[in-house]
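Participant: give me the fold of what follows.
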Amino acid sequence: MIVMGRGHHAQSAPAFPPGALRLSASHGLTEHRGQGHDMGHYMGGEAIMERVLIIDDHPLVRDGLRSVIAISFDNIEIFEAASLEEAVATLEKQDNFDLILLDLNIPDVRRLDGLKLLRDRFPILPVVMVSGAFDRAIVQEALAAGAAGFIPKSLKRSAIVEALHRVVSGEIYLPETMGEGSAPSAEEDDIVRRIDSLTPQQKTVLGHLVNGRLNKQIAHDLGVSMTTIKAHVSAILQKLGVLSRTQAVIKANRVHFGSD
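Facilitator: Below you'll find the predicted structure:
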């Protein structure tokens with residue numbers, strides 16, 4: 001079942017009040033136990049969560065989420081990881097996790113690759129995406145990739161708690177504003193049109209550029225000459241209406257080109 005949350009966004013009280021946003025003592029992996037209060041008000045039934053993993057590279061965000069969870073669930077163990085690598089190492093050593101909270105943007109992950117890896121490696125664990133940005137397209141992509149929900153960081157504390165209870169109860173959580181996403185902008189439509197005008201070979205080269213590959217690396221990967229790659233890059237820049245590789249990559253990322 002997919003449920004739409006009743007939480008409010010940035011105009012409401014912030015999810016992590018200043019008192020909760022204190023620097024974490026460790027930037028690595030830590031474990032915390034919290035004694036919580038009864039949050040039955042937010043539950044349709046009795047949701048139990050005993051062990052959760054928070055994956056976020058920002059100590060303040062981890063601390064804020066930890067604070068919300070610790071006071072909302074009884075006898076819960078809260079693990080933290082600043083990177084996907086740390087998270088995987090923890091999941092391989094520990095077991096019986098009830099939930100994973102995964103930030104959309106962490107340094108060692110490209111878009112939803114982290115979600116896909118976790119779903120492949122640990123398919124029975126529900127993974128909820130957490131993000132400071134709320135975009136309907138990325139939410140839909142996350143759900144298609146197997147996310148158990150999507151929680152904007154701007155939600156109120158009570159809405160975050162409700163979302164967690166619903167996910168642990170087996171539901172898929174989405175904010176109520178999910179249906180209010182805006183249509184692609186005229187600029188994005190133009191970028192898509194320009195990318196569509198590229199030949200298959202040029203699209204392949206653009207994908208390599210997006211991944212940060214140099215011309216010589218692309219030439220090696222594709223088994224062609226540097227001259228051929230330079231010609232493709234020049235054609236790409238011309239068709240995208242940009243003057244540099246960097247600008248081409250920015251435009252491609254604007255419409256999530258190359259993402260599965």
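Participant: give me the three-state assignment for Ile54.
Facilitator: Following DSSP: H, G, I helix; E, B strand; the rest coil, Ile54 is assigned to strand.
Participant: residues touching it, list them.
Facilitator: Ile54 makes contact with Arg62, Leu65, Arg66, Ile69, Ile78, Phe79, Glu80, Ala81, Leu101, according to C-beta atoms under 8 Å, 6 or more residues apart in numbering. Where C-beta positions appear, they are placed from N, C-alpha and C, glycine not excepted.
Participant: now with 7 Å?
Facilitator: Each residue near Ile54 by C-beta atoms under 7 Å, 6 or more residues apart in numbering is listed here: Arg62, Leu65, Arg66, Ile78, Glu80, Leu101.
Participant: what distance do you get for Ser83 to Leu115?
Facilitator: In this view, Ser83 and Leu115 are 14 Å apart by C-beta to C-beta, to the nearest Å.
Participant: repeat for Thr199
Facilitator: With distances taken as C-beta to C-beta, Thr199 is found 32 Å from Leu115.
Participant: neighbour count for these two, which is higher?
Facilitator: Shown here are Thr199 and Leu115; by other C-beta atoms under 10 Å, Leu115 has more neighbours (22 against 12).
Participant: element containing that one?
Facilitator: Element membership for Leu115, per DSSP states H and E: helix 113-121.
Participant: next, the buried residues of that helix.
Facilitator: Using 16 or more other C-beta atoms under 10 Å as the test for burial, helix 113-121 gives Gly114, Leu115, Lys116, Leu118, Arg119.
Participant: for the second one, give me the pLDDT.
Facilitator: Leu115 is assigned 93 on the pLDDT scale.
Participant: who's in contact with it?
Facilitator: Applying C-beta under 7 Å, 6+ apart to Leu115 gives the contacts Leu102, Val127, Met129, Ala142, Ala145, Gly146, Ala147.
Participant: before I go, just wanted to say thanks for your time.
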